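1. sequence unknown, structure follows:
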């Protein structure tokens, strides 16, 4: 049975999931973010949250204010609006150490893909990534496209603890973490930067639409930068993307 | 300014208001109360706006002494409470003055409760809320659960002039409909199609146990393995409250207040809003079974429950 997109799926009695094509692509993601901008402007009464992801938007609502039927009617009309241009972001250079103590799953990935650890690191570090979405925990940035060489199914059981700043791979996605948390992803390295810091004027380092390039560093440099980041004495290199 | 000093912090006590619902698109969980009905009624009992920050108590509520000033408090939950060693009823406001000690013992029915103070706590919001998110050290008192010796400042310096309030005549918390019911009600999906009909039926028939790996982020269940028809992952998308994710090992994880905002495990069903509070009162070791309802039924259940809660809060009786 073929699916027609975009389509809407109920999420119990407190959400509607708008889905676009089931793929990770910049053009689909642009449509997601364009529609979210339009939904924010509409400010539909009863809508309590809008969460854009790679190819879907979760619309949280309160059934005391609006019924799901009515909400879906309103959304239906908006789904077919022309895409509006989404603002361009910046290119941010993120230092990352792939050293053994940080890249816990590099050996596993090398074995799984039958290549060397160096090839895993090269494939991961040489791509210019787009930030497709921010999610999971505060400030976590989901990046793509991930080299097909690195596509790896998530762990069957999540690891109860993955350190702050971990850079991970899961499925066809890679992400940079902020705080420590459980994760079903494979850890390839770590950044000394804080993707979320509530004491900064903008607590979030990255946003959808930004580009990310990785700058491999060794463990020594990692610890130096980590100290500077703690005292807010170091900023990553940022270029405006035209 | 009134201060409450923490003599003993209880099992796991955090400051929660209605939550930071508006920051989920930046990966910030909404946090907020695990039992939103008890939370709102605790606030109503002390005359607060219903979304005011209150202490969420778990298992053992803790012991607090009024260091200076005076305050009106209420505990909503089935806890043993005493003031200066005299047992006092819960679900009722009490006025305390400097030197008074309130001891909140062990919960009987349920798992959580709320200690609200008239005027709320004097805590600056972070990202529009005072709710505590431990993982990011966000909100609350220093972004963590309470510890012995903590001094909690209150906004109000003294008790309100208005009379103290209690539940309306004939209303008993164990009769609240949102706590009753056997199975937890769910709506199928959003990824019900990732499971065969037989597996879905099996999910509805099964009894699961809430494991000790359960907290405000989510409840991990143990029970029959729920098998995926094909892949055990999807492209990352948002996780709503009550989402029942099925990771590769086939053991369900129910996402709750401090959940990760997005994830890639297929979600077989989602708990309806009216039953989230009942879930928030369940504890490790409890058995849980699910029952599928329609979106219409679910919405009606939520409206009835929240309207009843408002009814109760509007008809609290002066003591």
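-> That came in fine, so what should we check first? Here the structure is a predicted model, which means the values were calculated and not measured.
2. return the helix or strand in chain A with minimum mean pLDDT.
-> Least confident helix or strand, chain A: strand A:181-183 with a mean of 85, by mean pLDDT, DSSP states H and E.
3. contacting residues around residue B:234?
-> B:191, B:194, B:264, B:265, B:266 (Cβ atoms under 8 Å, 6 or more residues apart in numbering or on different chains). Yep, even glycine has a C-beta here, placed from its N, CA and C like the rest.
4. could you redo the last one with a cut-off of 7 Å?
-> Residue B:234 makes contact with B:191, B:264, B:266 under the criterion Cβ atoms under 7 Å, 6 or more residues apart in numbering or on different chains.
5. what's the closest of the residues you listed to residue B:294?
-> residue B:191 (18.1 Å; Cβ to Cβ).
6. quick one, phi/psi of the closest one?
-> Dihedral pair for residue B:191: phi -120, psi 40, per degrees, to the nearest 10.
7. what about the closest residue to it other than its chain neighbours, how many residues nearby?
-> Distances taken as Cβ to Cβ, 6 or more residues apart in numbering or on different chains place residue B:266 nearest to residue B:191, at 3.9 Å, with adjacent residues excluded. Residues within reach of residue B:266, counting by other Cβ atoms under 10 Å in any protein chain shown, total 24.
8. ok, residue B:266 touching residue B:192?
-> No. The pair residue B:266 and residue B:192 fails to qualify as a contact (Cβ atoms under 7 Å) at a distance of 8.8 Å.
9. before we move on, the earlier item: what lies in contact with the least confident helix or strand of chain A?
-> Counting by Cβ under 7 Å, 6+ apart, A:137, A:158, A:159, A:160, A:161, A:162, A:168, B:135, B:260 sit against strand A:181-183.
10. change it to 6 Å
-> When contacts are defined by Cβ atoms under 6 Å, 6 or more residues apart in numbering or on different chains, strand A:181-183 is touched by residues A:137, A:158, A:159, A:160, A:162, B:135.
11. phi and psi next, for the closest residue to the last one other than its chain neighbours.
-> Going back to what we said before, that points to residue B:135. Here the nearest residue to residue B:135 in space, its sequence neighbours aside, is residue A:179; by Cβ to Cβ, 6+ apart that works out to 5.0 Å. Torsion angles at residue A:179 (phi, psi; degrees, to the nearest 10) stand at phi -90, psi 160.
12. just the buried residues of the contacts of strand A:181-183.
-> A:137, A:158, A:159, A:162, B:135 (16 or more other Cβ atoms under 10 Å in any protein chain shown).
13. which parts of chain A are helices?
-> A:26-42, A:68-79, A:106-113, A:117-125, A:219-230 (DSSP state H).
14. where does pLDDT dip in the stretch 201-319 of chain B?
-> Applying pLDDT under 70 to the stretch 201-319 of chain B picks out no residues at all.
15. also the stretch 1-150 of chain B?
-> In the stretch 1-150 of chain B (pLDDT under 70), no residue qualifies.
16. go on, chain A?
-> A:1-2, A:242.
17. now do the contacts for the spatially most central residue of it.
-> The centroid of chain A falls nearest to residue A:142 when counting by Cα atoms, centre = their mean (1.8 Å). Contacts of residue A:142 were listed using Cβ under 6 Å, 6+ apart, and they are A:132, A:133, A:173, A:175.
18. ChimeraX command for the buried members of those?
-> Buried residues within the contacts of residue A:142, by 16+ other Cβ under 10 Å, are selected in ChimeraX with:
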select /A:132,133,173,175
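19. between the contacts of residue A:142, which sits nearest chain B?
-> residue A:173 (6.3 Å; Cβ to the nearest Cβ).
20. which residues of chain A lie near chain B?
-> Counting by Cβ under 6 Å from any Cβ of the partner chain, chain A comes close to chain B at A:9-15, A:17, A:48-49, A:51, A:53-56, A:58, A:63-64, A:68, A:134-140, A:154, A:156-157, A:171, A:179, A:181, A:198, A:204.
21. quick one, which of these are buried?
-> A:9-15, A:17, A:48-49, A:51, A:53-56, A:58, A:63, A:68, A:134-140, A:154, A:171, A:179, A:181, A:198, A:204.
22. center of chain B - which residue?
-> Centroid-nearest residue in chain B, with Cα atoms, centre = their mean: residue B:34, separated by 1.6 Å.
23. need the three-state assignment for residue B:240.
-> Classification of residue B:240 using DSSP: H, G, I helix; E, B strand; the rest coil returns coil.
24. residue contacts, it?
-> So residue B:240 contacts A:11, A:15, B:270 (Cβ under 6 Å, 6+ apart).
25. closest to residue B:163 out of these?
-> Closest to residue B:163, out of all of the contacts of residue B:240 and judged by Cβ to Cβ, is residue A:15, at 40.9 Å.
26. just to revisit the earlier point, any idea how far the residue nearest to residue B:135 lies from residue A:194?
-> According to Cβ to Cβ, to the nearest Å, residue A:179 and residue A:194 sit 9 Å apart.
27. tell me how far the ends of stretch B:260-276 are from each other?
-> Taking Cα to Cα, to the nearest Å, stretch B:260-276 runs 17 Å from one end to the other.
28. what are the buried residues along it?
-> B:260-276.
29. among those residues, which lie within strands?
-> B:262, B:263, B:267, B:268, B:269, B:270, B:271 (DSSP state E).
30. now, among those, which is nearest to residue B:225?
-> residue B:268 (12.5 Å).
31. am I right that residue B:73 is in a helix?
-> No. Going by three-state DSSP, the assignment for residue B:73 is strand, not a helix.
32. surely it touches residue B:117?
-> Yes. Using Cβ atoms under 6 Å, residue B:73 is in contact with residue B:117, at 5.2 Å.
33. around chain A, pick out the residues from the stretch 151-300 of chain B.
-> B:187, B:189-190, B:233, B:235-238, B:240, B:248-249, B:260-262, B:270, B:272-273, B:295, B:298-299.
34. swap the cut-off to 7 Å and go again
-> B:186-187, B:189-190, B:233, B:235-238, B:240-242, B:247-249, B:260-264, B:270-273, B:295, B:298-299 (Cβ under 7 Å from any Cβ of the partner chain).
35. related to what we said a few turns ago, now do the residue nearest to the centre of chain A against residue A:11, distance only.
-> Taken as Cβ to Cβ, the span from residue A:142 to residue A:11 is 20 Å.
36. same question, residue B:129
-> Residue B:129 is 22 Å from residue A:11, by Cβ to Cβ.
37. what's the answer for residue A:44, then?
-> Taking Cβ to Cβ, one finds residue A:44 at 16 Å from residue A:11.
38. distance between stretch A:64-82 and the chain's centre?
-> 26 Å (Cα atoms, centre = their mean, to the nearest Å).
39. now, the residues of chain A next to chain B that are in strands?
-> Reading strands off these with DSSP E, I get A:9, A:10, A:11, A:15, A:17, A:48, A:49, A:51, A:56, A:58, A:134, A:181.
40. for stretch A:11-23, how far is the first residue from the last?
-> Note: stretch A:11-23 ends 21 Å apart using Cα to Cα.
41. what of stretch B:276-287?
-> Termini of stretch B:276-287 sit 15 Å apart (Cα to Cα).
42. buried sites along the longest strand anywhere in chain B?
-> Looking across chain B with DSSP E, the single longest strand is strand B:60-68. Within strand B:60-68, the residues scored as buried using 16+ other Cβ under 10 Å are B:60, B:61, B:62, B:63, B:64, B:65, B:66.
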